[in-house]
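S.K.: dropping the sequence and predicted coords here.
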Amino acid sequence: MTSANPSYPAAGPLADLWSGEFAPRQPLALVVLPQVGFALAHHPPASPPGAPVTLTVPASEPGEAAGLLAEIERRCAPRWVWWSAPTTAAVPLAARVRLGACWDLAAVHRLLHGGRRDDPAAVWAAAAGLPAPPPPPRSTGIARVAQGQLGLWEGTGDGPATGPRRISAGVAADDDGGGADAGGAFGNGPLAADGQLDAGWLHRAATPGEALRRATSLAMLALHTQDRQQAALGSLPDRRARPGRITLAVLTARAESAAELLVRELERDGLPVDRAVAETLLGEIVGPPPHTGADELAARRRDAPVLAHLRGPVDLRNPAAVRAALRTVGIDVPDTRSGRLEPLRDAHPAVAALLTWRRTERIATTYGHRWLDTHVGPDGRLRGAWHASDGAAGRMTAQAGLHNLPADLRVAVVAEPGRVFVRADLGQIEPRVLAVVSADPALAEATRADDMYAPVAVQLGRDRPQAKIAVLAAMYGQTTGSAGEALRRMRRAYPTALAYLDDADAAGRAGRDLRTYGGRRIRLAPAPRPPRGLTDPAPPDEASPVAGGIPETARGRFARNAVIQGPAAELFKAWAVTVRAELPALDGEIVLCLHDELLLQVPAAHADAAADLLHRSLAATATYWAAGSGVRFVVEVSILRRWSDAVH
DNA sequence: TTCCCAACGTA
DNA sequence: CGTACGTTGGGAAT
């Protein structure tokens, strides 16, 4: 706790907050102005509708702000509502203050509406039923953050950064008074005449005090936006719905919001890597780290064994040149991929030499000494940027090689002294997810087995490998006809599951948008062009990833995959954030998320408790996520000193 | 400088 | 069987 003033909570503005009115997990909107303070808005159950209560809390030191937020977290346990985690949660994250439950308006907006854009103006417009506003101008660095996001205020107190600017019909009043508008009682300060959110309004405040007052308007607007998002999610179809049961889409929104916090923690804390082990390993594979230009040239001598088998100088890094060179020695291939060349390994010594060279070169260029220096900090943590929901299906993504680290390098991922890894891997998550989302009773029955391909094989009258291929062919759309008969039997044995997949396929071909089981919108229709501002050079490409020249069959496979991969990602994240919530009690942390695998680091003494937590969390998550489906999920948990000890 | 491709790593 | 994503070097387009 870094709060400088222990007497503060007893009096002052926050005293109202813990006077007994605040129910746990009640929404509490937060807008943070670093170096200034923060603004809060909440809606006491007793107060009349549309009359939120706001507070401003001055705190010039980030540590003081973080301490106060920690105190609110401890005493009120709210559901924090913010426009976006990267900006708003930066202060508590830097102070290692853990906030539990949140509602990330940007993340929920992407869930509800798809697409990539999630700046406050776009989020508000969608929640208010307004047309999408013109995209913020493209810029870079700090300017980009300040333009697109609320919660950063960089004013110095000696005047507005840009002069006060009237927008539209001059309704961007600086006070909180004003007439009715699309939003209701929160005042029209940040809203223009057309109801759109003016994202620059906060930053144009003349003084820190004025900025803090404006922040309360944005906190009220956040609260209102949350309300609308929750209503929209609550009205989505939910097969599990029962009176009094929260709909899955709302639960997904909560999990996706928490996942945004989780990835900020992953970025902050990184993955433990033993640098000495990594350097030794790299030395064996690619040689010593290059310190000089001469060393770089020496590295190119790795080419020699391959070139010895070919005529003349060949640029091995240029696939076209490699293909041409191979043709001169009698190897004629349409491309030079390893899968293509592997069968020809013995046809000419150049092929084997090339394949060996490729493997080494991959390590040297992508995961070599430079990668180590760039991404592993002095504290032995590998750090990269994360997205909590990315791409078509809303999977987590990570940079710096965190998601595509070659298996050979995993020996260098070593738990720190006194601590161990606890690794958990969801088994056969995709076919199990298919059983849930399609509500196929026969497939659900198969999930009762630890290895569900075994009962499927019995059902199909085929062996296990054939059964597995049939399931995968159904889920992802086969193009080569090797699974024909097995697939026909699959269709007869599991008609409900196959119909679900066929529907998705048809939607993909027709360009109809889909929703995942958890409510995420998958854009398949060509996006309408956003209104173009007069000065905007070109709007960023917001077209759906599968629009345009991609053939129908590919769009069908894409959609087929998205309705499985998407819900699998939603289940995974719901599980992960449940684990996260309980880990502080064990002094543990999540250090890696890998689509169906969680890697924890915990004190050795708590390893068994962490393993138990992973099992219990999955059971708890599946209970609501797969309610009524009869589908069983399985997780394999192991306790390890190094990641490579994992059984695969 | 920006964008696309080929190739290959992970799930 | 297929899908997803990140990273690299090379080359073409700008």
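M.R.: Yes, it's here. Numbering: from 1, shown residues only, chains lettered A, B, ... in the order given.
S.K.: up against DNA strand C, what does the stretch 201-350 of chain A have?
M.R.: Selection of the stretch 201-350 of chain A residues close to DNA strand C by C-beta under 7 Å from any atom of the strand yields A:D315, A:R317, A:N318, A:A320, A:A321. From N, CA and C alone the C-beta is placed, and that goes for glycine too.
S.K.: the same query, at a cut-off of 6 Å, please.
M.R.: The stretch 201-350 of chain A comes close to DNA strand C at residues A:D315, A:R317, A:N318, as judged by C-beta under 6 Å from any atom of the strand.
S.K.: what sits against the second one?
M.R.: When you say that, I think you mean A:R317. A:R317 sits next to A:E361 when contact means C-beta atoms under 8 Å, 6 or more residues apart in numbering.
S.K.: try it again at 10 Å.
M.R.: When contacts are counted by C-beta atoms under 10 Å, 6 or more residues apart in numbering, A:R317 touches A:R300, A:D303, A:R358, A:E361, A:T365.
S.K.: cool, A:V631 as well?
M.R.: Applying C-beta under 10 Å, 6+ apart to A:V631 gives the contacts A:431-437, A:439-440, A:443-448, A:452, A:622, A:625.
S.K.: isn't A:R79 right up against A:P27?
M.R.: Yes: with contact defined as C-beta atoms under 10 Å, A:R79 counts as touching A:P27 (5.1 Å).
S.K.: now list whatever residues contact both of those two.
M.R.: A:H42, A:A101, A:C102, A:W103, A:Q226.
S.K.: between those residues, which is nearest A:A205?
M.R.: Proximity of the shared contacts of A:R79 and A:P27 to A:A205 (C-beta to C-beta) peaks at A:H42, which lies at 22.6 Å.
S.K.: so what sits opposite the closest one in the bridge?
M.R.: A:L28, A:V53 (DSSP bridges).
S.K.: contacts only, for it.
M.R.: Contact analysis of A:H42 by C-beta under 10 Å, 6+ apart lists A:16-17, A:21-23, A:26-30, A:52-55, A:76, A:78-79, A:81, A:219-220, A:223.
S.K.: from the residues you listed, which land in strands?
M.R.: A:P27, A:L28, A:A29, A:L30, A:V53, A:T54, A:L55, A:R79, A:V81 (DSSP state E).
S.K.: can you pick the most crowded of the residues you listed?
M.R.: Within the ones in strands among the contacts of A:H42, neighbour counts (other C-beta atoms under 10 Å) peak at A:A29, which reaches 31 neighbours.
S.K.: A:A106 versus the residue positioned nearest the centre of chain A, what's the distance?
M.R.: Nearest residue to the geometric centre of chain A (C-alpha atoms, centre = their mean): A:A388, 1.3 Å. Separation of A:A388 from A:A106 (C-beta to C-beta, to the nearest Å) stands at 10 Å.
S.K.: with A:P120 instead?
M.R.: Distance from A:P120 to A:A106, by C-beta to C-beta: 8 Å.
S.K.: so which of those two has more stuff around it?
M.R.: Taking other C-beta under 10 Å, A:P120 and A:A106 do not tie; A:P120 has more neighbours (28 against 24).
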